[in-house]
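> Predicted model and sequence below, questions to follow.
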Amino acid sequence: MTNTSLQPIKVGAKPLYRSRSDRIIFGVCSGFARKLGISSNVSRLIFLFLTFITGGTFSITYLIAFLLIPQEPINS
């Protein structure tokens, strides 16, 4: 008897890219949302909340992320 309930193992994690299609400014929040498997709007609200809590200094993190995270490849 064969067991057909086995699932293939996924090797590696999804890469983090800035989104080309679901972006408002630079696609950073959308990229994090895809990586975490959440809605991009939820990611944006979390970012906005953290920006207000830190008095706006969290926006520097956004700019650093923009510089460090590569843009999504065109064929994706």
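Alright, I've got the coordinates.

> Which residues does the lengthiest helix in the chain contact?
For the chain, the longest helix by residue count, based on DSSP state H, is helix 40-53. Residues outside helix 40-53 that contact it (Cβ atoms under 8 Å, 6 or more residues apart in numbering): S19, D22, I24, C29, S30, F32, A33, R34, L36, F58, S59, Y62. Bear in mind the C-beta positions are built from the backbone N, C-alpha and C, glycine included.

> Which helix or which strand is home to the second one?
Read that as D22. For D22, there is no host helix or strand (DSSP states H and E).

> okay, now the residue nearest to it when sequence neighbours are not counted: neighbour count?
Distances taken as Cβ to Cβ, 6 or more residues apart in numbering put S30 closest to D22, at 4.3 Å, once the chain neighbours are dropped. Residues near S30, counting by other Cβ atoms under 10 Å, number 24.

> can you pull the contacts of G27?
If you count contacts by Cβ under 8 Å, 6+ apart, G27 has them with R18, S19, R20, Q71, E72.
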